[in-house]
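# coords please:
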Amino acid sequence: MQTLIINIKELLQVREQPIEMVSGDAMKQLPKIDDAYLLIENNIISDFGHMKNCPAVPDAQIVDAIDRVILPTWVDSHTHIVYAGNRIQEFVDRINGLSYEEIASRGGGIINSANLLNQTSEDELYEQSRIRLEEIMHQGTGAVEIKSGYGLTVEGELKMLRVIQRLKANYPIEIKATFLGAHAFPLEYKTNHSGYLKLLINEMLPKIAAENLADYIDAFLETGYFSIEETQLIMEAGKQFGLLPKIHVNQFTAFGGIKACVEKGALSVDHLEIISDDDILALQNSQTMPVALPGCSFFISIPYTPARKLIEAGLPLALASDYNPGTNPTGNMNFVVATACIKMKMTPEEAINAATLNGAYAMGVSATHGSITKGKKANIIITKPISSYYQLPYSFGTNLIEKIMIEGQFIKVKQ
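Residues are numbered from 1 along each chain as shown. Model (predicted):
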């Protein structure tokens, strides 16, 4: 089946030659074609160019995109969308003055989600998570990473990863699974860290590997959670089972965690709200992608990742949602891109690069997603009639998406 889209006002993120990422000043460049066409065969991008060169394609489905912008679907490389229930009460507690740390010390936070999850059946967990996955697809996300980490028991973590596997099987969207057993120490292991690490490494990991349930491994490397030494053990153990690290780090404090992640070959380091000069030095000339999560900063009122400092140091940067029940209960990447522009002072070009091409790198799907390139998956967003792509972050509260194609098929967009 062929689909020919014609009269495209602006065709964004056009890369004639595939590249893995953009860094530093190159993030300001967003290649585009005005008055363009795009040809899709089955689920693959096969051709594109100026309308004056548009080929005749007999029997193709024709889509007229006059006054509309087309860009690749968002790639969300950091989410926790498989969870049970919600943490609405904690939202009210923060309004009333409690900090993230104070809520956690009272049994809230990750431990609260773990208790809810372990009381929820796998089928019910799947039903709740399926709704969230469909929601982000309707909002333009065409590839997503999903973490475990709200089980904190052998069965709880396996349950989450099995739900992710079911979502992979039942939806066309590209999904990568990350094992985050090291999200927090369960209460019974609060003073026995070595005991939980043994459980994670000796029991959880072998069972996860035996069922091929994960692509990556993660840990919450932060004061009061997992230390550098503990995270290093986890990263090394994951590599023994073929799981590359993608690590939460520098959300509240900076104490050398980024350097440790880079040295262990982490694919990405995520959060980075607090950044030191030493952290930037560690990231320079590495293959590790920094990932910012501005929705989390917005929701719990913590600093935003210093995007300008990272980009001006010549580094790449990806954007992701951090969709989770406690610190950012939305996976709307349109809002993430707008927030990056408004609060992190990223240009629209930088933000779109960060949420597409660089997001694909942070998720390990650069070969198939993140740009309009021949041979890549036909995953595209078609906007409503707009003046230019600058309107996407400018009109941050308006749904500007008209159609979404994932794997060569249009999906219904909820208005």
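
# burial of Asp322, as a residue count?
Here the number of neighbours of Asp322 (other C-beta atoms under 10 Å) works out to 28. C-beta coordinates here come from the backbone N, C-alpha and C atoms, glycine included.

# again with Asn212
Residues near Asn212, counting by other C-beta under 10 Å: 12.

# Repeat that for Val163.
26.

# Quick check: it is in a helix.
Yes - the assignment for Val163 (DSSP: H, G, I helix; E, B strand; the rest coil) places it in a helix.

# Show me what the helix or strand bottoming out on mean pLDDT in the chain is packed up against.
The least trusted helix or strand in the chain, going by mean pLDDT, DSSP states H and E, turns out to be helix 100-105, with a mean of 81. Helices and strands touching helix 100-105, by 3 or more C-beta pairs under 8 Å, 6 or more residues apart in numbering; DSSP states H and E, are helix 88-95.

# quick one: buried residues of the helix it packs on?
90-91, 93-94 (16 or more other C-beta atoms under 10 Å).

# for stretch 270-287, same thing?
270-275, 279-280, 282-283, 286.

# Who does the closest residue to Ile164 other than its chain neighbours form a beta bridge with?
Spatial nearest neighbour of Ile164, chain neighbours left out: Ala177 (4.4 Å); criterion: C-beta to C-beta, 6 or more residues apart in numbering. Beta-bridge pairing for Ala177 (DSSP bridges): Ile146.

# Can you tell me how far Met142 is from Asn192?
Quick fix: residue 142 reads Gly, not Met. Going from Gly142 to Asn192 by C-beta to C-beta, to the nearest Å gives 42 Å.

# okay, these two: which has more neighbours?
Gly142 (30 against 13).

# what about the more buried one, which SS state?
Assignment for Gly142 (three-state DSSP): strand.

# Might one say that it is in contact with His369?
Yes - counting by C-beta atoms under 8 Å, His369 is a contact partner of Gly142 at 6.7 Å.

# so what's in contact with the two at the same time?
The contact sets of Gly142 and His369 overlap at 72-73, 75, 174, 377, 379 (C-beta atoms under 8 Å, 6 or more residues apart in numbering).

# pretty sure Val336 is in a helix, no?
Yes - checked against three-state DSSP, Val336 lies within a helix.

# Run through the residues that contact it.
74, 294-295, 319-321, 355.

# In helices, which of those fall?
Those of these mapping onto helices are 294-295, 355, per DSSP state H.

# how about stretch 203-218: buried residues?
204-205, 208-209, 213-218.

# Let me know the closest of the buried residues of helix 88-95 to Phe241.
Phe241 has its nearest neighbour among the buried residues of helix 88-95 in Glu90, at 33.6 Å by C-beta to C-beta.

# residues contacting that closest one?
With C-beta under 8 Å, 6+ apart, Glu90 has these contacts: 103, 108-109, 112, 326.

# From Phe299, how far out is it?
Glu90 is 11 Å from Phe299, by C-beta to C-beta.

# need the ones in helices among the contacts of Val336 in JSON lines with neighbour count, pLDDT and distance to Ile386, can you?
JSON lines is the format used below for the ones in helices among the contacts of Val336 (neighbours: other C-beta atoms under 10 Å; pLDDT from 0 to 100; distance: C-beta to C-beta, whole Å):
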{"residue": "Pro294", "neighbour count": "28", "pLDDT": "98", "distance to Ile386": "22"}
{"residue": "Gly295", "neighbour count": "25", "pLDDT": "98", "distance to Ile386": "23"}
{"residue": "Ala355", "neighbour count": "31", "pLDDT": "98", "distance to Ile386": "17"}
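
# Turn those into CSV, columns for distance to Ala56.
Below are the ones in helices among the contacts of Val336 laid out as CSV (distance: C-beta to C-beta, whole Å):
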residue, distance to Ala56
Pro294, 45
Gly295, 45
Ala355, 35
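
# Just name the closest of these to Leu116, please.
For the ones in helices among the contacts of Val336, the nearest to Leu116 is Gly295 (21.5 Å; C-beta to C-beta).

# Leaving out chain neighbours, which residue sits closest to the closest one?
Asn328 (4.2 Å).

# Please spell out the segments of the protein that come in under the pLDDT threshold.
413-415 (pLDDT under 70).

# Most remote residue from the middle of it, which is it?
Most distant from the centre of the chain: Pro58, at 38.4 Å, with distances by C-alpha atoms, centre = their mean.

# Quick one: residues contacting that residue.
Contacts of Pro58 by C-beta under 8 Å, 6+ apart: none found.

# so it sits in a strand?
No - Pro58: not assigned to a strand; according to three-state DSSP it is coil.

# Pull the residues that contact stretch 267-274.
77-78, 216, 244-254, 257-258, 261-262, 279, 283, 287-293, 296-297, 302-306, 310, 318, 320, 322, 362, 364.

# how close does the residue nearest to Ile164 sit to Lys239?
Ala177 is 16 Å from Lys239, by C-beta to C-beta.

# Please identify which of the two sits among more neighbours.
Comparing Ala177 with Lys239 by other C-beta under 10 Å, the one with more neighbours is Ala177, at 25 against 14.

# Let me know whether the more buried one touches Ile146 as I believe.
Yes - at 6.0 Å, Ala177 and Ile146 qualify as touching, with contact defined as C-beta under 8 Å.

# Which residues are in contact with each of the two?
Ile164.

# what packs against the one helix or strand Asp35 maps to?
Element membership for Asp35, per DSSP states H and E: strand 32-41. When contacts are defined as 3+ C-beta pairs under 8 Å, 6+ apart, strand 32-41 sits against strand 2-12, strand 44-50.

# Touching, Gln2 and Ile62? I think so.
No - with contact defined as C-beta under 8 Å, Gln2 does not reach Ile62; the gap is 9.7 Å.

# Those two: which is more packed in?
Gln2 (16 against 10).

# Identify the bridge partners of that one.
Listed beta-bridge partners, Gln2: Glu41 (assigned using DSSP bridges).

# residue contacts, it?
By C-beta under 8 Å, 6+ apart, Gln2 lies in contact with 39-41, 46, 57, 59-61.

# before we move on, back to that, in JSON lines: the helices and strands packed on strand 32-41, plus distance to Lys403.
JSON lines is the format used below for those (distance: least, C-beta to C-beta, whole Å):
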{"stretch": "strand 2-12", "distance to Lys403": "10"}
{"stretch": "strand 44-50", "distance to Lys403": "16"}
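
# Packed most tightly, which of these would that be?
strand 2-12 (a mean of 21; mean count of other C-beta atoms under 10 Å).

# quick one: that one to strand 44-50, angle?
60 degrees (axes from the mean of the first three to the mean of the last three C-alpha atoms, to 10 degrees).
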